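>>> the amino acid sequence is not available; the structure is as follows:
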């Protein structure tokens, strides 16, 4: 056997590869499967939150903001608990980012509020003196795209078994049931219901009027997404 | 003595000369510093050993001839002798195997590096140090710490001067404004300002003892202005009739019943930091990740600036 292998370097190389690959498989895969499972308290994005996530991606927020708290005291003091793999289970794609021109946003929902985001998006320097973040005024007039969100929800629910319309466990022991619509029209009305809750805490009259008319400005969706980051 | 040895000696002498030239004449070179002397001695030893080991093997290649019993394997005419295992090598090989078993079963699992483990150690060390350093902090130093925490965590909403940035958050330089008092009277409050679930009723549960009826719109306006004005001006009798049974006649609150309306207290601030609140302006999130000393310090700072 060994003599034969010594005479056939190609098959020897294949054998070496198989042995090392097997070690890698039993070492890496089980841990990977375990770590990528959603942690308790991680729920799928609701319709409006997902629309906000699309706004986040569209405006390339991830170019300046990360969503990854590293396990260092200095980071957890500022941003909260360090990130766990399972917290990204429903992020497609993940928005870790690679550069912090602005602060990390992984848990921004814990320490910023709807009206703060509203002030900040209109004029960042009004709440953060010296901020170099540009104003995002068009978010107040553009409408969020709920149709694409519904398409994404359908896809991930069907192909990746994202638990929409199912109970998922939360940290305090309760359960959360994130609804997904049965049709585009129903998705729009679901998103609008969520938008009304967010708009109630906002001050901008144009945004409130738009929501009352049945429109969803991008800012409302984005704030719903920001508030869901915990 | 053949050419090889001669070359070796010349090379060694050359290297030693080079070593001397590069360190011997420089400042801090061959002085009394033991570390310098050791380093130079090491360099000299290395040169001599290397040269003579090389010479030994070159000599061996020149004069030795192959002998012994050949193994069966033959690769394109290149054979291999059946040599015994060198004793030293065999011992090292066995020891390595034993070390490997120890490392896989005990060495690695017990001593493995963990990023989160290092984080936990760092955090515990920091907390112990913080605790020891600031345990007895009081007075001006506590207010100073409160200011630094305020500037790190609170100023984004309340502003650098704690003025609330034109109504975007509460102005902490005074206890409360009329709009906030009015909002609480109309909507009630259950924001654990005392640290306990102690709801304040909305306007449908607030009787004015003077009139024997529910509090009216006009009375709400008057008493709100009275409270916001620091318990001065018109409205004292409405306050006594409708509010003082819980908040006390002077508005200073009662323990476990109602919070202080006349001024901030460290306990009130700590409860807001622990639970957050919702009022006329909007929602304030909780900041319970601050540690107890930091909460106490923020309370001292706000109490101090709102005097």
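Arrived safely, thanks for sending. Nothing here was measured: the structure is a model prediction, and the numbers come from that model.

>>> what parts of the stretch 151-300 of chain B come near chain A?
B:153, B:156-157, B:160, B:165, B:168-169, B:281-285, B:287, B:289 (Cβ under 8 Å from any Cβ of the partner chain). (Each C-beta comes from the backbone N, C-alpha and C, glycine too.)

>>> okay, these in TSV with secondary structure next?
Below are these laid out as TSV (DSSP: H, G, I helix; E, B strand; the rest coil):
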residue	secondary structure
B:153	helix
B:156	helix
B:157	helix
B:160	coil
B:165	helix
B:168	coil
B:169	coil
B:281	coil
B:282	coil
B:283	strand
B:284	strand
B:285	coil
B:287	coil
B:289	coil
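
>>> regarding residue B:89, what is its secondary structure?
Applying three-state DSSP: residue B:89 is helix.

>>> quick one, strands of the chain?
By default, I'm working from chain A. Ranges of strands in chain A, per DSSP state E, are A:167-169, A:175-177.

>>> you looked at the wrong chain, it should be chain B
B:70-75, B:78-81, B:207-208, B:213-214, B:277-278, B:283-284.

>>> report pLDDT for residue 55.
Picking chain A for this. Listed pLDDT for residue A:55 reads 97.

>>> my question was about chain B
pLDDT, residue B:55: 92.

>>> tally of neighbours for it?
Other residues within reach of residue B:55 by the criterion other Cβ atoms under 10 Å in any protein chain shown amount to 16.

>>> likewise residue B:67?
Neighbour tally, residue B:67, other Cβ under 10 Å: 6.

>>> how close does residue B:154 get to chain A?
Residue B:154 is 10 Å from chain A, where distance means Cβ to the nearest Cβ, to the nearest Å.

>>> so residue A:38 sits against residue A:89, correct?
Yes - Residue A:38 is within contact range of residue A:89, at 3.7 Å (criterion: Cβ atoms under 8 Å).

>>> give me the number of residues near residue B:169?
Neighbours around residue B:169, by other Cβ under 10 Å: 24.

>>> quick check, it in contact with residue B:161.
No - at 11.9 Å, residue B:169 does not count as touching residue B:161 under the criterion of Cβ under 8 Å.

>>> give me the neighbour count for residue B:114.
The local packing of residue B:114 (other Cβ under 10 Å) involves 10 other residues.

>>> tell me the pLDDT of it.
Residue B:114 is assigned 87 on the pLDDT scale.

>>> what do you get for residue A:51?
The model reports residue A:51 with a pLDDT of 96.

>>> list the contacts of it.
A:144-146, A:149, A:191, A:216, A:221, A:224-225 (Cβ atoms under 8 Å, 6 or more residues apart in numbering or on different chains).

>>> separation between the residue nearest to the spatial centre of chain A and chain B?
Central residue of chain A (Cα atoms, centre = their mean): residue A:91, 4.8 Å from the mean position. Going from residue A:91 to chain B by Cβ to the nearest Cβ gives 21 Å.

>>> tell me how many other residues crowd the residue lying closest to residue B:269 once chain neighbours are set aside.
Counting by Cβ to Cβ, 6 or more residues apart in numbering or on different chains, residue B:269 lies nearest to residue B:299, which is 3.7 Å off, once chain neighbours are set aside. By the measure other Cβ under 10 Å, the count of residues near residue B:299 is 23.
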